[in-house]
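K.L.:
Below: sequence and its predicted model.
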Amino acid sequence: MSGHIFFADDWYGFDDAIYAALRLIAAIDASGVSLTELKSRMPNMINTPELRFQVDESRKFAVIDEVLARLTASGAD
């Protein structure tokens, strides 16, 4: 949720934008195609914020089943 990327290989690990950018450049170079081409191969993603709502402890599993049933009935996959 924070958008941080943490790398824990080759060294002790980094949570750093410059390091992430360098790793991206290295991956692009190794792939032999442009960043635009790599991005175009990725599936479209839809991100939503985390949604929280209060549910009585005795109903929490039933609520999930109800939401799933509604989504299934509407054709969601």
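P.N.:
Thanks, I have it. Predicted, not measured: the structure shown is a model, and the values here were computed from it.

K.L.:
From now on I want contacts and neighbour counts done on CA atoms only, so please keep to that.
P.N.:
Fine.

K.L.:
Please spell out which residues along the worst-scoring helix or strand of the chain on mean pLDDT are buried.
P.N.:
Ranked by mean pLDDT, DSSP states H and E, the weakest helix or strand in the chain is helix 17-31, scoring a mean of 88. By 16 or more other CA atoms under 10 Å, the buried positions in helix 17-31 come out as Ala20, Ile28.

K.L.:
how much space between Asp16 and Ile28?
P.N.:
Asp16 sits 18 Å away from Ile28, going by CA to CA, to the nearest Å.

K.L.:
For Ile64, give me its contacts.
P.N.:
Residues near Ile64 by CA atoms under 8 Å, 6 or more residues apart in numbering: none.

K.L.:
May I have the phi/psi pair for it?
P.N.:
Per-residue torsions, Ile64: phi -60, psi -40 (degrees, to the nearest 10).

K.L.:
is Phe7 in a bridge, and if so with what?
P.N.:
Judged by DSSP bridges, the bridge partners of Phe7 are Phe14.
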